[in-house]
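Enquirer: turn this into a structure:
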Amino acid sequence: MRSRNPGRWVNNRIRNAWGRGGVAAAAVALVGVSAAFAAGTPGMLDATFDGGDGIVTTAGMWSVLDVAVQPVADSERYLVVGQAASSKPTGVNGDWMVLAYTRTGSLDAAFGAAGNGTVRLFPTDPNATFANDVSLDDQNRIVVGGTSTVRTVTTYDNRGRPTGTQSYRGLTVVRLTSDGHLDSSFGGTGIVTVWAGSPNGYNEVGVSVVAVPASLGGGIVAAGTSFYVQSPATKKVAAVINRRLFLAKFRDDGTLDPAFGAGGIAYDLRSSEPRLAALALQSDGRVIVGEHLDITAGTNTAAYNWVVSRFTSAGALDTAFGASGRVIGSTYLLHLAVGDDDSIVAV
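Expert: Numbering: from 1, shown residues only. Next up is the predicted model:
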């Protein structure tokens, strides 16, 4: 089986090595491994990468969350996304960071507004966590997903009495031009944030994004999880809250697609405490979502299940897939990919 997007196989292998938790150092180490497109013995460190040892280390990035291979002219560029080493006060999250390396392992001076191969986003947002996922569309534009602050809401105690306010995170999608500039044709600034849930809900980390091919209507699908309030707090009864998986579909201009789900947002209301792992599209636009750590609803018992769900291209759970749209197994799910024959590989 071949992957429809070979870069996603690279992403998954490298993410598995680095892990979603990132690198516990303020630097990124990128390893070049020889393959059919590179010099040297296949599977060995590539001596043409960084001039000798096949490894390049760049200071300034705290954690690496995803990578992608971007075709450029007669070569390719390696995109690395994650969290910058923070210059903010202790306890405050760092910036989003995107690094672009040339095929030889140097930062690409043709990438980014500063001309140094680096893009940093949300430097003043205390609730922006990190760039969690990267995808390329069929115009070679770069789509990055993560979280940032979207709104401040009132908080309540377990008897429904106001206790103050809290800033909550929203699912954020950034689109860059192929050379690393914010794409103002997407949402006016290149940055769009949506908030899914109820008045005391917020989007969790673990955002995954995939660019929709023009043949399937274009745009972007993003997935995340949010606290979903099933019933509001009253003076005597606390709110009933569970975390829910949700999808957001953006049109090419950054607005939510009203033909997808309900106003551009689709939920899987059966999910409870999911941690999003991966997102992919099948050839007809159906959306495959992987998640793990699905805690039993109404309890604090961790089932540690992996779940693969399928949604239709219109944002409805596809009941023809598995058991009413879901396939469930034990332990964690970290990555998934879809092949040319629409088969699904989950790891």
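Enquirer: so what pLDDT did the closest residue to Leu182 other than its chain neighbours get?
Expert: Leaving aside its sequence neighbours, Leu182 sits nearest to Gly190 (C-beta to C-beta, 6 or more residues apart in numbering; 3.2 Å). C-beta coordinates here come from the backbone N, C-alpha and C atoms, glycine included. According to the predicted model, the pLDDT of Gly190 comes to 97.
Enquirer: same check, this time on the one 10 residues further on
Expert: Each residue has a pLDDT score; the one for Asn200 is 48.
Enquirer: can you show me the helices along the protein?
Expert: Ranges of helices within the chain are 6-18, based on DSSP state H.
Enquirer: before we move on, the earlier item: the residue nearest to Leu182 is in contact with Arg175, isn't it?
Expert: Yes: under the criterion of C-beta atoms under 8 Å, Gly190 lies in contact with Arg175, with a separation of 5.5 Å.
Enquirer: who touches both of these two?
Expert: Overlap between the neighbourhoods of Gly190 and Arg175 consists of Leu182, Asp183, taking contacts as C-beta atoms under 8 Å, 6 or more residues apart in numbering.
Enquirer: neighbour-wise, which of those two wins?
Expert: Here Gly190 and Arg175 are set side by side on neighbour count (other C-beta atoms under 10 Å), and the busier one is Arg175, at 26 against 20.
Enquirer: what bridges to the more buried one?
Expert: The bridge-partner assignment for Arg175, based on DSSP bridges, gives Val143.
Enquirer: which strand residues bridge Thr147?
Expert: The residues listed as beta-bridge partners of Thr147 by DSSP bridges are Leu171.
Enquirer: what separates it from Arg103, distance-wise?
Expert: According to C-beta to C-beta, to the nearest Å, Thr147 stands 32 Å off from Arg103.
Enquirer: compare these two (neighbour count), which wins?
Expert: Thr147 (28 against 19).
Enquirer: hmm, the more buried one is touching Asp133, no?
Expert: No: here Thr147 lies out of contact with Asp133, judged by C-beta under 8 Å, at a distance of 11.2 Å.
Enquirer: any shared contact partners between the two?
Expert: By C-beta under 8 Å, 6+ apart, Thr147 and Asp133 have these common neighbours: Val207.
Enquirer: measure the residue nearest to Leu182 to Val173 for me?
Expert: As for Gly190, its distance to Val173 is 9 Å (criterion: C-beta to C-beta).
Enquirer: and Trp195, by the same measure?
Expert: In this view, Trp195 and Val173 are 13 Å apart by C-beta to C-beta.
Enquirer: one more: Pro274?
Expert: In this structure, Pro274 and Val173 are separated by 19 Å, where distance is defined by C-beta to C-beta.
Enquirer: quick one, phi psi at Gly261?
Expert: Here the main-chain torsion angles of Gly261 (degrees, to the nearest 10) amount to phi 60, psi -130.
Enquirer: ok, it - contacts?
Expert: Residues counted as contacts of Gly261 (C-beta under 8 Å, 6+ apart) are Leu247, Lys249, Tyr267, Ala314, Gly315, Ala316.
Enquirer: so Ala196 makes contact with Gly224?
Expert: Yes: between Ala196 and Gly224 there is a contact at 7.3 Å, judged by C-beta under 8 Å.
Enquirer: report the buried residues of stretch 282-294.
Expert: Using 16 or more other C-beta atoms under 10 Å as the test for burial, stretch 282-294 gives Gln282, Gly285, Arg286, Val287, Ile288, Val289, Gly290, Glu291, His292, Leu293, Asp294.
Enquirer: go ahead and confirm the third one touches Phe311.
Expert: Yes: Arg286 is within contact range of Phe311, at 6.7 Å (criterion: C-beta under 8 Å).
Enquirer: now the common contact residues for the two.
Expert: If you check Arg286 and Phe311 against C-beta under 8 Å, 6+ apart, the residues they both contact are Asp318.
Enquirer: what's across from Val72 in the sheet?
Expert: Beta-bridge partners of Val72, as defined by DSSP bridges: Ser75.
Enquirer: from Arg120, how far out is it?
Expert: Here Val72 is placed at a distance of 21 Å from Arg120 (C-beta to C-beta).
Enquirer: try Ser185
Expert: When C-beta to C-beta is the yardstick, Ser185 and Arg120 sit 21 Å from each other.
Enquirer: more neighbours: which of those two?
Expert: Between Ser185 and Arg120, Arg120 has the larger neighbour count (other C-beta under 10 Å), namely 17 against 12.
Enquirer: count of residues packed around the closest residue to that one other than its chain neighbours?
Expert: Among residues not flanking Arg120 along the chain, Asp95 sits closest, at 4.8 Å (C-beta to C-beta, 6+ apart). Here the neighbour count serves as a burial measure; for Asp95 (other C-beta under 10 Å) it reads 24.
Enquirer: measure Asp95 to Leu121 for me?
Expert: With the distance defined as C-beta to C-beta, Asp95 ends up 6 Å from Leu121.
Enquirer: quickly list what's touching both of these two.
Expert: If you check Asp95 and Leu121 against C-beta under 8 Å, 6+ apart, the residues they both contact are Ala128.
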